[in-house]
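Engineer: coordinates for the following, if possible.
(one chain, ligands or ions: 2)
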Amino acid sequence: MSQQAILGIIGGSGLYHFEGLEDVQSVEVTTPFGKPSAPILLGSLEGTRVAFLARHGIGHHILPSEVNYRANIYALKQMGVRFVVGVSACGSLRHDYKPGNFVIPDQVIDFTRDRKRSFFGEGLVAHISTADPYCASLSRQLYEAALSTGVETHQGGTFITIEGPRFSTRAESHLFRAWGISIIGMTTCPEIFLAREAEMCYASLAHITDYDVWHLAEEPVNVEMVIRTLSQNTAAAQQAIRTLAARLDENTDCECSRALEKALITDPARIPPETRQKLALLVDKYLKP
Ligand SMILES: CSC[C@H]1O[C@H](OP(=O)(O)O)[C@H](O)[C@@H]1O
Ligand SMILES: Nc1ncnc2[nH]cnc12
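Structural biologist: Ligands and ions are numbered 1, 2, ... in the order given. This is a model prediction of the structure:
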């Protein structure tokens, strides 16, 4: 694996390129899981090598359910990325998390049902732990960077991913609130789980664009509303990531880089050679004699 970048940024709605990247190169990448959503922009940000990928493609033409999350994460892994920041527009499910604010969540609930959610299968079985799906160290660094932009930033909260592409019904939104969930989006799962399988640290920079559909005094969410709020927020999101890049502490004390250590169960003798080869980048260090 060549070390072309250490920090991966997955841009969500409203973030299709990254201002201020230096020495930028656009790279077409292929992976054993297909092609990522767009060419990857490789460049330098405050002296840190960065890989930027637009989750929904340039021009936003890929549905949340259609995103090839496996190819996106695998492509970043192939480039040597160790730290991934997923930028996401989201709805708020609580009064005190307001449109325009940032949230650095610390838990997820996966309500998706129509997505490829693992690199494993085809004769090689693994079960990773996702008890704490976010990297605490990267999330802490991202929180401090987001706070430094002056935007009101909340540390912690549960982020639910719905399948979409439709927004929630009022009954669903009230249910999610009753469950104590803080924010809602359509893309964090399975991106976060695949990053864990690929032993990368993952944190979300979630910017709140709306109050979903539960708030009696607010208009129900629509795309126009999301884009209007995003247009005011993407500069701050990029500033937060620039600050993170400048201060990135690579010596984290987390266990993300050992996520597969206790996860593989298949007898190595039973792993089909094609599968072994396909997943070499992830499993070589555990299976090589
Ligand atoms: C444009 S509104 C719905 C859309 O916005 C969020 O995208 P992302 O998470 O990639 O920022 C949400 O998840 C939906 O995909
Ligand atoms: N309310 C909402 N529900 C799901 N995804 C969103 N993205 C932005 N706002 C959202």
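Engineer: only C-alpha atoms from now on, for both contacts and neighbour counts.
Structural biologist: Will do.
Engineer: can you show me the helices along the stretch 1-150 of the chain?
Structural biologist: When secondary structure is read from DSSP state H, counting those that start in this stretch, the stretch 1-150 of the chain shows helices at 69-78, 136-147.
Engineer: of all those helices, which lies closest to ligand 1?
Structural biologist: Among the helices of the stretch 1-150 of the chain, the nearest to ligand 1 by C-alpha to the nearest ligand atom is helix 69-78 (11.3 Å).
Engineer: wait, what's in contact with residue 258?
Structural biologist: By C-alpha atoms under 8 Å, 6 or more residues apart in numbering, the contact set of residue 258 is residue 199.
Engineer: wait, residue 93
Structural biologist: By C-alpha under 8 Å, 6+ apart, the residues touching residue 93 are 173, 176-177, 181-184, 211-212, 214.
Engineer: distance to ligand 2 and neighbour count for these - can I get that in a markdown table?
Structural biologist: Listed next are those as a markdown table, based on distance: C-alpha to the nearest ligand atom, whole Å; neighbours: other C-alpha atoms under 10 Å:
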| residue | distance to ligand 2 | neighbour count |
| --- | --- | --- |
| 173 | 9 | 22 |
| 176 | 11 | 18 |
| 177 | 12 | 16 |
| 181 | 12 | 20 |
| 182 | 11 | 24 |
| 183 | 8 | 28 |
| 184 | 5 | 29 |
| 211 | 6 | 25 |
| 212 | 4 | 26 |
| 214 | 10 | 23 |
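Engineer: so which of those are in helices?
Structural biologist: Among the contacts of residue 93, DSSP state H puts 173, 176-177 in helices.
Engineer: closest to residue 125 among the residues you listed?
Structural biologist: Minimum distance to residue 125 across the ones in helices among the contacts of residue 93 is 32.2 Å, recorded for residue 176 (C-alpha to C-alpha).
Engineer: distance of the nearest residue to the closest one once chain neighbours are set aside from residue 192?
Structural biologist: Of all residues not flanking residue 176 in the chain, residue 93 sits nearest, at 7.5 Å (C-alpha to C-alpha, 6 or more residues apart in numbering). Distance from residue 93 to residue 192, counting by C-alpha to C-alpha, to the nearest Å: 21 Å.
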